[in-house]
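Participant: Sequence first, predicted model second:
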Amino acid sequence: MEFHKSLIHNSPYPVALYIHIPFCVKKCFYCDFYSVRYSRDLAQIIIEEILKELHFFFHTGKHIRTIYIGGGTPSCLDPDIFEKLLKGIVSLNPASAREWTVEANPESLGREFILLCRRYYVTRLSIGIQSTEDSLLKVLGRKTTFSDIERSAELLNQYWDGELNVDLITGIPGQSQKIMQRDIDFCLKAFHPGHISLYSLTIEEGTELGKQIREKRFILPSPETGESLWFEGYRILESNKLFNYEISNFSKRGKESLHNIRYWRLNPYIGIGPGAVSTLPGEKEPVIRMTHPEDIELYIKSSDNFWGMTYETIDAKTFLFETCMMGFRLKKGIQKQEFMTRFGLSLPALVPVLWEKWEKNGWANQDQSTYRLSKKGRLMLNTLLAELSEAIKNRREKVMIIQWPGYDEGAGHIIF
Ligand code: SF4
């Protein structure tokens, strides 16, 4: 599996770097991200491995455009362990990165954590609030309470001067419109975020909340109520100048998440740590995907065998579908030039009948530089994606990946 090494060292290209911290203080009932209960001993070993992996992929950080430390809960790491991770990243000198985000939860967000983020050039914190109502936080199985949220807001106001995102959820059983308004109002006033992610609660298979709902211990709002709650959230956020730029994401002008935009544009990314995924140009194949096991023990045990990563080749038709699936999430849609560089043909040329139907029905449109879904089209995204998948599958002529990544929005300015 020597290909791993040559990927980034032989033919450098810009990447987004994601590091997965697989620990939480407690598992939330709705969550299907990979994490286990925090243990200091295990965290020391894992961070050691993550740093080994990081230095395996990178001899220098000059190709890194964005950094994101997520999980899991990075803020539950003991400060000395967290500092070791930050130091390891900074030792690569990722001076061309444009953004560095770290996720945190209110109950484990401490002064020391914030000061470490500042000292090591983190530019953006993302705080998992979800709701400010204790009874709803209980339904979600969150460790956080409203008083944790208040305390974290005070700390951030005192010690943090970088960018800030707040995560909120709508459609929680028992969440009225009034509660949701209170959630948003409180977050706007207490945190002054430049970015808010407003997710609709989805029930994932195998989660505790899914089980409780099946057992009728909680009742989900009807799809209509869920939708109207989310739209009310949309209205409040936009009236506060946080503009919807992706299905679930709102930001002030210029405060969009650059790291996530790289995902939505399907630019290359490297994921490090248990459960993390990478999508990169391969040595022979244009696109490969590497996946780490969602298994801490296997990750550690496979240290000498690429941390247990498996890899697959992404064929051109799948890559075309993924490019659209991710790109149509953005209000701005898909960049025509980037698309043309990637596939050598325009989107209407690749799926002519379907594109014409979408345009006629007012579900999609194009201007000089983008293909995008209309507001109506984005509301029926899943239906449109199913149609697109069918059209790509049935296309008789070959689809080819001409050049990828082939695009770079330029280096940034992390302040080294
Ligand atoms: S804190 Fe976040 S990652 Fe951890 S269990 Fe809860 S939702 Fe999942």
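Facilitator: Looks like it came in fine. Numbers count the residues shown, from 1 in each chain.
Participant: can you give me the strands for the stretch 151-300 of the chain?
Facilitator: Per DSSP state E, counting those that start in this stretch, the stretch 151-300 of the chain carries strands over the ranges 163-170, 195-200, 243-246, 249-251, 269-272, 277-280, 288-291.
Participant: what does the stretch 1-150 of the chain give?
Facilitator: Counting by DSSP E, counting those that start in this stretch, the strands of the stretch 1-150 of the chain are 15-21, 23-24, 36-37, 64-71, 99-104, 124-130.
Participant: Reformat the ones you listed as TSV; add distance to the ligand.
Facilitator: From N, CA and C alone the C-beta is placed, and that goes for glycine too. What follows is the strands of the stretch 1-150 of the chain, written out as TSV (distance: least, Cβ to the nearest ligand atom, whole Å):
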stretch	distance to the ligand
strand 15-21	9
strand 23-24	3
strand 36-37	10
strand 64-71	5
strand 99-104	8
strand 124-130	6
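Participant: any chance of those in JSON lines, with distance to Phe57, mean pLDDT and mean neighbour count too?
Facilitator: As requested, those are exported to JSON lines (distance: least, Cβ to Cβ, whole Å; pLDDT from 0 to 100; neighbours: other Cβ atoms under 10 Å):
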{"stretch": "strand 15-21", "distance to Phe57": "8", "mean pLDDT": "97", "mean neighbour count": "25"}
{"stretch": "strand 23-24", "distance to Phe57": "22", "mean pLDDT": "98", "mean neighbour count": "22"}
{"stretch": "strand 36-37", "distance to Phe57": "24", "mean pLDDT": "97", "mean neighbour count": "14"}
{"stretch": "strand 64-71", "distance to Phe57": "10", "mean pLDDT": "96", "mean neighbour count": "25"}
{"stretch": "strand 99-104", "distance to Phe57": "17", "mean pLDDT": "98", "mean neighbour count": "24"}
{"stretch": "strand 124-130", "distance to Phe57": "22", "mean pLDDT": "98", "mean neighbour count": "25"}
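Participant: burial count for the closest residue to Ser131 other than its chain neighbours?
Facilitator: Nearest non-adjacent residue to Ser131, counting by Cβ to Cβ, 6 or more residues apart in numbering: Asp183, 5.3 Å away. By other Cβ atoms under 10 Å, 26 other residues sit near Asp183.
Participant: pretty sure Asp183 contacts Phe146?
Facilitator: No: shown here, Asp183 and Phe146 do not form a contact pair, counting by Cβ atoms under 8 Å, at 10.4 Å.
Participant: can you pull out the helices in the stretch 201-350 of the chain?
Facilitator: 208-214, 223-239, 258-264, 296-301, 316-327, 336-343, 347-350 (DSSP state H, counting those that start in this stretch).
Participant: what helices or strands is the third one leaning on?
Facilitator: Applying 3 or more Cβ pairs under 8 Å, 6 or more residues apart in numbering; DSSP states H and E, we find helix 258-264 packed against strand 15-21, strand 64-71, strand 99-104, helix 316-327.
Participant: what's it in contact with?
Facilitator: Residues outside helix 258-264 that contact it (Cβ atoms under 8 Å, 6 or more residues apart in numbering): 16, 18, 65-68, 98-99, 101, 246, 249, 269, 326-327, 329-330, 412.
Participant: for the nearest residue to Ile236 once chain neighbours are set aside, what are its contacts?
Facilitator: Nearest in space to Ile236, with sequence neighbours left out and distances taken as Cβ to Cβ, 6+ apart, is Ile184 at 5.1 Å. Ile184 sits next to Leu168, Ile196, Leu198, Gly233, Ile236, Leu237 when contact means Cβ under 8 Å, 6+ apart.
Participant: overlap in contacts of Asp183 and Phe146?
Facilitator: With Cβ under 8 Å, 6+ apart, Asp183 and Phe146 have common neighbours Thr132, Glu133.
Participant: circling back: now, which of the contacts of Ile184 sits nearest Asp295?
Facilitator: Leu168 (31.0 Å; Cβ to Cβ).
Participant: In this structure Ile169 contacts Tyr199, no?
Facilitator: Yes: using Cβ under 8 Å, Ile169 is in contact with Tyr199, at 5.2 Å.
Participant: Those two - which one has more neighbours?
Facilitator: A count of neighbours by other Cβ under 10 Å puts Ile169 above the other of Ile169 and Tyr199, at 25 against 16.
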